[in-house]
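A.B. asks: The sequence isn't on hand, but the structure is:
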């Protein structure tokens, strides 16, 4: 009897042990912790102010998970902000300087030529910009970049570029004063000198802006001013001969000559011309329905 009771107790204890092991206490599992979003850095609202450096910030959205691409765009925006800081008043100062130089040679022709020359000038790019910090706004999926410009190194680069331009310009002036070229050759030489003058003046204005002492250096030296005056005066006096070719060459000759004269271009006879311009004009009648087009 006692043996039977002991056996039952053992069985009950064993079953109880199994029940406790299988479901008595719920299994504890650890949940992955979410990395907290870092607070926005102060430079995002107020870039640092430091002697000898300029700071710029830029931001760009992340698309299709491409965070690296967003960072590259943000850096470009930050560099653009730096350029804007430097060029706030550059355009007005440069225009005033050159306008004063050309005040006696202003015409529609010289203005059009100057616009063409400006289009040939190399775009301004900063040489000494480096990344300082970055921030990823996870909630808005946006990358922000802080960049820094080393002002002293940038000034050194600008002055080096001016020295190179001055060397090329001296060669152009020497060739120009020796009257080694005529006609279109002379015009190309003059144009190359004007491009150098525009480029040099733009670099000098930027150097003046970056200068820690804010010391103003003339944008155009006397040599550049003298060349520009002579160049635009020469262009204004150039005589052009229009040589029309083709079966219908006389159809637009008078109108073309009048228009060119109105633009400030002197049209002359072949023996007096500095430049000869040839064009071939043939008119074709194209009929479409009841309408005739002349092309």
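C.D. replies: Good, I have the coordinates. This is a predicted model, so every value here is computed, not measured.
A.B. asks: any idea how far residue 136 lies from residue 223?
C.D. replies: Distance of residue 136 to residue 223, computed by CB to CB, to the nearest Å: 52 Å. In short, each C-beta sits where N, CA and C put it, glycine included.
A.B. asks: ok, now residue 71?
C.D. replies: For residue 71, the distance to residue 223 - CB to CB - is 46 Å.
A.B. asks: Between those two, which is the more surrounded one?
C.D. replies: residue 71 (19 against 13; other CB atoms under 10 Å).
A.B. asks: Next one, pLDDT for residue 106 please.
C.D. replies: pLDDT for residue 106: 61.
A.B. asks: got it, and residue 12?
C.D. replies: In this model, residue 12 is scored at 44, pLDDT.
A.B. asks: just residue 185 next, same as before
C.D. replies: On the pLDDT scale, residue 185 is placed at 81.
A.B. asks: Spell out the secondary structure type for it.
C.D. replies: Under DSSP: H, G, I helix; E, B strand; the rest coil, residue 185 falls in the helix class.
A.B. asks: Roughly how far does it sit from residue 267?
C.D. replies: 21 Å.
A.B. asks: if I read this right, residue 75 contacts residue 148, doesn't it?
C.D. replies: No - under the criterion of CB atoms under 8 Å, residue 75 makes no contact with residue 148, lying 11.8 Å away.
A.B. asks: what sits against residue 134?
C.D. replies: When contacts are counted by CB atoms under 8 Å, 6 or more residues apart in numbering, residue 134 is found next to 71, 74, 143-146.
A.B. asks: for residue 219, same thing?
C.D. replies: By CB under 8 Å, 6+ apart, the residues touching residue 219 are 93-94, 97, 201, 204-205, 208.
A.B. asks: about what we covered before: from the contacts of residue 134, which land in helices?
C.D. replies: Using DSSP state H, the members of the contacts of residue 134 that fall in helices are 71, 74.
A.B. asks: closest to residue 53 among the contacts of residue 134?
C.D. replies: Taking CB to CB as the measure, residue 53 sits nearest to residue 146 out of the contacts of residue 134, at 11.3 Å.
A.B. asks: and the closest one, what does it touch?
C.D. replies: By CB under 8 Å, 6+ apart, the contact list for residue 146 reads 41, 43-44, 47, 55-57, 78, 131-134.
A.B. asks: Let me see the ranges of the helices in the stretch 151-295 of the chain.
C.D. replies: Remark: helices assigned in the stretch 151-295 of the chain by DSSP state H, counting those that start in this stretch are 151-177, 183-210, 222-237, 253-262.
A.B. asks: for those, which one sits closest to residue 86?
C.D. replies: Between residue 86 and the helices of the stretch 151-295 of the chain, the shortest gap by CB to CB is with helix 183-210, which sits at 5.3 Å.
A.B. asks: Can you give the domain ranges for the chain?
C.D. replies: What automatic domain parsing lists as the domains of the chain is 42-237, 239-294.
A.B. asks: tell me the most buried of the ones you listed?
C.D. replies: Highest mean neighbour count among the domains of the chain (mean count of other CB atoms under 10 Å): domain 42-237, with a mean of 16.
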